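Engineer: Sharing a model prediction with you, sequence too.
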Amino acid sequence: SEKAKIGIYNLKSKKTIYLNTGKIDDHYLTNLTWGPNSKYIYVAEVNRDQDHMKLIKYNANTGKQIKVLFEEKNDKWVEPENELYFLTDNPNEFLWMSERDGFMNLYHYDTEGKMISQLTKNKWVTRSIIGINEKTNEVYFTGTGPDPRELHAFSVKINDAKNQKQITNSEGVHRVQLSPNKKYLIDVYSSLNNPGTAVIHDLANNKANTIHQSKNPLINLKIGSTEMITLKTDGNTDLYGRVIKPSNFDATKKYPVMVYVYGGTHAQLVTNDWLGGASLWMHWMAEQGYVIFTLDGRGSANRGFEFESTIHRELGTNEIIDQLTGVKYLKSLDFVDSKRLAIHGWSFGGFMTTSLMTREPGIFTTGVAGGPVIDWKWYEVMYGERYMDTPEQNPDGYKKSSLLEYADQLEGKLLMIHGTADDVVVMQHNLAFIQKCVSEGVQIDFFPYPMHAHNVRGKDRVHLMTKVLNYIIENNR
């Protein structure tokens, strides 16, 4: 990993000074925030193990460390992701976002490191701070609310944490912006069956004025139905899924299934926005006579720390269990041909596709894995070690998750795809797996996209999706 420094260049003197971040090289310097008067810089320093964070105040003119304001520790990981949000009418106070209590919430601090209050104590995920109205002493922020598939706008009084209000009430995913005068909230939202609504909220009187309602852009096209489902895993944990059926669906027939999977952190595939978060190619595939299924398992985003951190030190284990929960559900449906299940995913989804094809052989006839992680010891250091610790600390976990251990168990048809210029999941992953298959006498298909990075963009994406979907149609028999 890179050894980071933070330098400040003075435009007048044309000289650069560096923050005195100590002699440790293998730490992470993140969440850099300038103080309101530009005299101070605040940095969240995270250790190599990523289980200990220090929020540190520096002198911007000398680079000297002034004070550690506070620290956060967790036996799995700490992951500061947001800058300090300073109060404009009080430059000595700021808001801090942390999931120290299990969910991302807002905390009110002063610049000496004293916590004034915990502003929110929600059992759901706060997503972002969108602004502060100093006159009314209110913070406006976004969060999922009780349904993690949605996104809403809220407000809370800085001096009265119990006074929290939900501003957006219509179901769906709301993208909002606070007006410069802090009087209005512009809200553009959609839901599963609503292509888009634009609303202006008058924050003073709690009135909402709809200024635009989008028409269904697909009204003249043959398109199937989308159903949201909830499954249980690990005793009593809810998992949210999405089922897409063709427009001419006949419940008396048997349909093959394509599972689209990601399964990793910082991603959520099933959301209550237009089309349920699905891409239109999924609906094209449904029109070819397929049921398309997606399930967000443990480890995915917007469900809180406990839900996400179950993957710690064993990537692929609980994620596989949850996808098999989805398979069990599919096999319970009378209209599903359980002998014709296919799976596709990219990046972490490529890892999951290959994992399910090898660690649980015989369930899927066909798989297409794009840019797959094969062995986590070759992946980017900060991400890999956050979730797995180092290979030296967790040799059993790395061995268990390495797909090189299972190449000889592959059943069915598997197409591996990789961009030759991939700098995220380097091509070593894919080529090592193919070499292992060659050594084991296992047949496998491979297709490179020359000079493409971690994903295939531009006009070539049409070629990619044509190849993926045709491969499934031709082999899932």
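Structural biologist: Everything's here; your move.
Engineer: what pairs with the lowest-mean-pLDDT helix or strand in the chain, and is each one parallel or antiparallel?
Structural biologist: Least confident helix or strand, the chain: strand 160-166 with a mean of 88, by mean pLDDT, DSSP states H and E. With DSSP bridges as the test, strand 160-166 is paired with strand 152-157 (antiparallel).
Engineer: quick one: buried residues of the partner strand?
Structural biologist: Neighbour-count burial for strand 152-157 flags 152, 153, 154, 155, 156 (criterion: 16 or more other C-beta atoms under 10 Å). Backbone N, C-alpha and C define where each C-beta goes, glycine included.
Engineer: the helices in the stretch 151-300 of the chain, which residues?
Structural biologist: 280-287 (DSSP state H, counting those that start in this stretch).
Engineer: rewinding a little: closest to residue 467 out of the buried residues of strand 152-157?
Structural biologist: If you rank these by distance to residue 467 using C-beta to C-beta, residue 152 comes first, at 39.1 Å.
Engineer: thinking that closest one is in contact with residue 171, fair?
Structural biologist: No - assessed by C-beta atoms under 8 Å, residue 152 is found out of contact with residue 171, at 9.4 Å.
Engineer: Any idea how far apart the tips of stretch 257-273 sit?
Structural biologist: Taking C-alpha to C-alpha, to the nearest Å, stretch 257-273 runs 23 Å from one end to the other.
Engineer: Can you name the residues that contact the closest residue to residue 417 other than its chain neighbours?
Structural biologist: Sequence neighbours aside, residue 370 is the residue nearest to residue 417 in space, at 4.5 Å (criterion: C-beta to C-beta, 6 or more residues apart in numbering). Residue 370 sits next to 344, 345, 346, 347, 349, 350, 417, 418, 455, 456, 464, 468 when contact means C-beta atoms under 8 Å, 6 or more residues apart in numbering.
Engineer: Repeat that for residue 271.
Structural biologist: Listed by C-beta under 8 Å, 6+ apart, the contact set of residue 271 reads 149, 150, 151, 173, 277.
Engineer: What is the nearest of those to residue 58?
Structural biologist: residue 151 (34.4 Å).
Engineer: quick check: longest strand of this structure.
Structural biologist: Among the segments of the chain that qualify as a strand by DSSP state E, the longest is strand 336-346.
Engineer: how near is the closest residue to residue 334 other than its chain neighbours to residue 207?
Structural biologist: Among residues not flanking residue 334 along the chain, residue 251 sits closest, at 7.0 Å (C-beta to C-beta, 6+ apart). Between residue 251 and residue 207 the computed distance is 45 Å (C-beta to C-beta, to the nearest Å).
Engineer: remind me which residues of the stretch 251-400 of the chain are low pLDDT?
Structural biologist: Judged by pLDDT under 70, the stretch 251-400 of the chain has no weakly predicted residues.
Engineer: Break down it into its strands, ranges please.
Structural biologist: Applying DSSP state E, counting those that start in this stretch to the stretch 251-400 of the chain gives strands spanning 255-260, 291-296, 336-346, 366-370.
Engineer: Comparing those, which comes out most buried?
Structural biologist: strand 366-370 (a mean of 28; mean count of other C-beta atoms under 10 Å).
Engineer: Could you check how far it is from the centre of its chain?
Structural biologist: Computed by C-alpha atoms, centre = their mean, to the nearest Å, the chain-centroid distance of strand 366-370 equals 21 Å.
Engineer: got it, and stretch 304-312?
Structural biologist: Using C-alpha atoms, centre = their mean, the offset of stretch 304-312 from its chain centre is 13 Å.
Engineer: Adding distance to residue 7 and neighbour count, write the contacts of residue 271 out as CSV.
Structural biologist: Formatted as CSV, those follow (distance: C-beta to C-beta, whole Å; neighbours: other C-beta atoms under 10 Å):
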residue, distance to residue 7, neighbour count
149, 43, 24
150, 42, 22
151, 37, 24
173, 39, 21
277, 41, 19
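Engineer: now, which of those residues lie within strands?
Structural biologist: Secondary structure from DSSP E places residue 173 of those in strands.
Engineer: Looking at the contacts of residue 271, which is nearest residue 35?
Structural biologist: residue 151 (30.1 Å).
Engineer: distance of the residue lying closest to residue 149 once chain neighbours are set aside from residue 171?
Structural biologist: Nearest non-adjacent residue to residue 149, counting by C-beta to C-beta, 6+ apart: residue 272, 4.4 Å away. Distance, residue 272 to residue 171, by C-beta to C-beta: 6 Å.
Engineer: Between these two, which is the more surrounded one?
Structural biologist: residue 272 (22 against 17; other C-beta atoms under 10 Å).
Engineer: Phi, psi for the more buried one please.
Structural biologist: Here is the backbone geometry of residue 272 (degrees, to the nearest 10): phi -90, psi 60.
Engineer: isn't it right up against residue 189?
Structural biologist: No - applying C-beta under 8 Å as the test, residue 272 and residue 189 come out as separate, 9.8 Å apart.
Engineer: who touches the residue nearest to residue 149 in this structure?
Structural biologist: So residue 272 contacts 147, 149, 150, 171, 172, 173, 191, 192, 228 (C-beta under 8 Å, 6+ apart).
Engineer: Could you check how far it is from residue 190?
Structural biologist: On the measure of C-beta to C-beta, residue 272 and residue 190 end up 9 Å apart.
Engineer: Give the residues shared as contacts by those two.
Structural biologist: Shared contacts of residue 272 and residue 190, counting by C-beta under 8 Å, 6+ apart, come down to 172, 173.
Engineer: Farthest-apart pair in the contacts of residue 272, please.
Structural biologist: 173 and 228 (13.0 Å).
Engineer: So the residue lying closest to residue 178 once chain neighbours are set aside versus residue 102, what's the distance?
Structural biologist: Once flanking residues are discounted, residue 178 sits nearest to residue 131: 3.7 Å by C-beta to C-beta, 6+ apart. According to C-beta to C-beta, residue 131 and residue 102 sit 26 Å apart.
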